[in-house]
Each structure stands twice: as C-alpha cells, then as structure tokens.
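Engineer: okay, predicted coordinates and the sequence, questions at the end:
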Amino acid sequence: MAVPRITEKNPEFDISMGYQVQQELVKIKKNQGHEIFAFKMGLTSMAKMTQMNITELIYGYIFDYMNIPDQGEISIDELIHPKVEAEIAFILSEDLQGPDITVDQVMEKTEWILPALEIIDSRYQNFKFKLPDVIADNTSASRVVLGNRKFRPQEFKIDSIGVTLMINDELRANGVSAAVLDNPANSVAILANMLYTNGKRKIPKGSMILTGGITEAILLNKWDIVTSKFDHMGEISFRVR
Ligand code: 0L1
Ligand code: MG
C-alpha cells in the first residue's frame, strides 16, 4: 500500500536522516537473512531528474531476493506501481575508495560491465517524494534483471551504448549511455566519493554497481513483456504477471 511521504508531516526530515533510515533498513534486511547484491545510483540522468523534479544524486542497495533471471517474471501483486529503466552495471576487480576517485580509476578497477533492467517501485503515493523520503525508501530499489553476458569495459566505448526499451513490441524509451553523467563510469566514481563522505566507506572488490537509468522509467502493467536491446551487449527481457 502506498503511503504519504515522510516530509509531508515532518518537514525537518533531511538527507542525513534519510540515509540513517536507509542504514536501518539494510540492518533489518540482513537480520531477515538477505544479502546486499549490488549498490545502485539513482537520479543520474537528465531524463530521470526532469521526470522526478529532483537534481541530486542518491545511492541505495539492491538485495539478493530482488534479482530476477533474464526471461524471468516479476509479480505485480508483490509491488505497488513498478517502473522499468535500462542501465549499465559495473563489477569491480578491486576496492574503490574515495575521495577524488576519477573515471580513469573506475575504468582501471572495473572487471566487467553488463546490461541491466532496474525495476523501481516507490512506497510513496503517486511516486511523489522529496530527496530525504526517497533515500529512506532505499531509492525505490525493487527488482533487477541482468543480461546473461558480461563484457570487458575496454571492449567498446562505454559512453556511447545505445539502448531501446520495448514494452509489448512498442518502443517506449531509448537513449545512449552518455545520458548517465556523460559516462556511467562517472556514476561509479561519484558513488565511491559519496560513500567516503558518508563515513569513510569504500566499494569493496567484487561489488556490482547499477549506474542509473539511461532513459526515463516506464510504468509497468500486468502481462507486459519488456525487452531491452543494448548495442554490443545483447538483449534482456522479462514478463510481468
Ligand atoms: O534508480 C533510480 O534512479 C530511482 C531513484 C529514485 C527515484 C524514483 O523512484 O524514480
Ligand atoms: Mg535506477
């Protein structure tokens, strides 16, 4: 059930409180036996910032139970008002610790990149929130579908990967990976620097990072079949039941 945003009745609720709530949520999920599957960056493209009317970057966590196989299904009954967006995921070969991490350092420490579809779902009514609310809601992380193949980051230009998002054979969104902060590797660099600022934390070796939507996010309905094609990287699909 969707709920009103926290800041509606508590205008003093700020970004740092939002991240404190997010950390409590991580503790609760871990106590329930779940593991962090990936980091995620949110609101990283102009399309997303314009869509949500928010202009700051945020981070959150994707948990193991959110991972759906390629050509798998998501159940709409488990969600509120899910949307899908196409992203590039990175997997690190080494720890990445801020401050001042650069795109070149990210590229040196990236072992693999792979295509991904993120399904976001907000607990707030009508997807309406302010930044502290959405941070407390773990940046709307809900499900993720990864491509079956991984690629070396040097195999092709990482900032010019074209992506299409089709729903029921209709083209609903498209974009180029440069839409994510000029280069999705920049999103990883900013995550490392944000984690350092928020408690001198690092992104550990082997971590996966979802770098943010290349297109705006598209609302999903029961029985939708979603297919996304990435230049050089193949196709991902899933079905909503
Ligand atoms: O992954 C994202 O960019 C989502 C961030 C949260 C904003 C939203 O729910 O649209
Ligand atoms: Mg996203």
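Structural biologist: Yes, it's here. Ligands and ions are numbered 1, 2, ... in the order given.
Engineer: the longest helix seen in the chain near ligand 1 anywhere?
Structural biologist: Using DSSP state H, we find that the single longest helix of the chain is helix 15-31. No. Judged by Cβ under 6 Å from any ligand atom, helix 15-31 and ligand 1 are separated, with a smallest distance of 11.6 Å. Every residue, glycine included, has its C-beta placed from N, CA and C.
Engineer: and that helix, how far from the chain's centre?
Structural biologist: In terms of Cα atoms, centre = their mean, to the nearest Å, the centre of helix 15-31 is found 17 Å from the chain centre.
Engineer: likewise for stretch 111-127?
Structural biologist: Worked out by Cα atoms, centre = their mean, stretch 111-127 lies 4 Å from the chain centre.
Engineer: could you confirm whether the helix-or-strand element of the chain with minimal mean pLDDT reaches ligand 2?
Structural biologist: Lowest mean confidence among the helices and strands of the chain (mean pLDDT, DSSP states H and E): helix 46-52, at a mean of 75. No. Helix 46-52 does not reach ligand 2 (Cβ under 5 Å from the ion); its nearest approach is 7.5 Å.
Engineer: what residues does that helix touch?
Structural biologist: With Cβ atoms under 8 Å, 6 or more residues apart in numbering as the test, helix 46-52 has contacts from 42-43, 55, 85, 127, 134, 175, 179, 212-217.
Engineer: ok, back up a step: so which bits of the longest helix of the chain are buried?
Structural biologist: Met17, Gly18, Tyr19, Val21, Gln22, Leu25, Val26, Lys29 (16 or more other Cβ atoms under 10 Å).
Engineer: still on that earlier bit, of all the contacts of helix 46-52, the one with the weakest confidence?
Structural biologist: On pLDDT alone, Thr55 ranks lowest of these, at 75.
Engineer: what about the residue of the chain found nearest ligand 2, helix or strand, and which?
Structural biologist: Nearest to ligand 2 in the chain, going by Cβ to the ion, is Glu118, at a distance of 4.1 Å. Element membership for Glu118, per DSSP states H and E: strand 110-120.
Engineer: right, is that strand up against ligand 1?
Structural biologist: Yes. Interface with ligand 1: strand 110-120 contributes Glu118, Ile120 (Cβ under 6 Å from any ligand atom).
Engineer: before we move on, what about stretch 41-56?
Structural biologist: Yes. Residues of stretch 41-56 are located near ligand 1 by Cβ under 6 Å from any ligand atom, namely Gly42, Leu43, Lys48, Met52.
Engineer: distance to Met107 added to those residues, as JSON lines?
Structural biologist: Formatted as JSON lines, those follow (distance: Cβ to Cβ, whole Å):
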{"residue": "Gly42", "distance to Met107": "22"}
{"residue": "Leu43", "distance to Met107": "23"}
{"residue": "Lys48", "distance to Met107": "23"}
{"residue": "Met52", "distance to Met107": "29"}
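Engineer: return the closest of those with respect to Asn148.
Structural biologist: Distance to Asn148 across these (Cβ to Cβ) is lowest for Gly42, with 24.8 Å.
Engineer: tell me the secondary structure for the nearest residue to that closest one once chain neighbours are set aside?
Structural biologist: Closest residue to Gly42 apart from its sequence neighbours, by Cβ to Cβ, 6 or more residues apart in numbering: Thr139 at 4.1 Å. Under DSSP: H, G, I helix; E, B strand; the rest coil, Thr139 falls in the helix class.
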